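Peer 1: Got a predicted model here, sequence first, then my questions.
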Amino acid sequence: MFRRLLHFITSYFVLNKKIFLGVYLLAILLLVILPINDKGSKINHTYLLTIRLDYICHALLFTPWMFCYRLVTYFQITTHIRKTAWFFAGLCFSAAVELVQYFLPYRTLNMKDLAANACGVVLGAILMAILEKINYNSERADH
């Protein structure tokens, strides 16, 4: 059942991968560029287990990054080197979006945001590795 669900999700996103990837990247850029979160915002003063909700949102925003790799390379042979390159591209992209905020007068560069973005990429890599391991083990059990 898990494999069917994973196959359905993957096949759905493969059909719409360009749209999904474009919307995902556009959403990140809009969230970075638009002045939606000022210092007095509620999200900056809300904590979950002593972690500011803003940082959790940053991490969750970058968690899907590694899954986008699977969309881009679904029909190609994936290698460890390509996954590693995609991982580091995610870290660079997360740093770049924070760097853009340095040049915007209504936004600020925040190293904790950068760390939360990187944590999101790492979390996505861990989740993807776990799901790939589960999928690999279920395929081996079927044969």
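Peer 2: In hand now; what should we look at?

Peer 1: What residues does Glu98 make contact with?
Peer 2: Glu98 is in contact with Val32, Leu109, Asn110, Asp113, Leu114, Asn117, counting by CB atoms under 8 Å, 6 or more residues apart in numbering. No exception for glycine: its C-beta is placed from N, CA and C like everyone else's.

Peer 1: Go again with 6 Å.
Peer 2: Taking CB atoms under 6 Å, 6 or more residues apart in numbering, we find Glu98 in contact with Leu109, Asp113, Leu114.

Peer 1: What of Gly90?
Peer 2: Listed by CB under 6 Å, 6+ apart, the contact set of Gly90 reads Trp65, Val121.

Peer 1: let's have the chain start at 18 instead
Peer 2: With the count now opening at 18, the last piece we talked about shows up as Gly107.

Peer 1: how distant is the helix or strand harbouring Asn152 from the center of its chain?
Peer 2: Per DSSP states H and E, Asn152 falls inside helix 128-159. Relative to the centre of its chain, helix 128-159 is centred 10 Å away, using CA atoms, centre = their mean, to the nearest Å.

Peer 1: now for that helix, which elements pack on it?
Peer 2: For helix 128-159, the packing partners by 3 or more CB pairs under 6 Å, 6 or more residues apart in numbering; DSSP states H and E come out as helix 70-79, helix 82-89, helix 97-119.

Peer 1: Adding distance to Met145, write the ones you listed out as a markdown table.
Peer 2: Formatted as a markdown table, the helices and strands packed on helix 128-159 follow (distance: least, CB to CB, whole Å):
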| stretch | distance to Met145 |
| --- | --- |
| helix 70-79 | 13 |
| helix 82-89 | 4 |
| helix 97-119 | 8 |
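
Peer 1: Which one of the ones you listed lies nearest to Lys35?
Peer 2: Of all these, it is helix 82-89 that lies closest to Lys35, at 8.8 Å by CB to CB.

Peer 1: Restricting to C-alpha, output that closest one in CSV.
Peer 2: Once non-C-alpha atoms are left out, helix 82-89 reads as follows in CSV (Å, rounded to 0.1, in the frame of the first residue of the first chain):
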residue,chain,number,x,y,z
TRP,A,82,14.1,20.7,-2.0
MET,A,83,15.5,17.2,-2.1
PHE,A,84,12.2,15.7,-3.3
CYS,A,85,12.3,18.1,-6.3
TYR,A,86,15.5,16.3,-7.3
ARG,A,87,13.4,13.1,-7.7
LEU,A,88,11.0,15.1,-9.9
VAL,A,89,13.8,16.4,-12.1
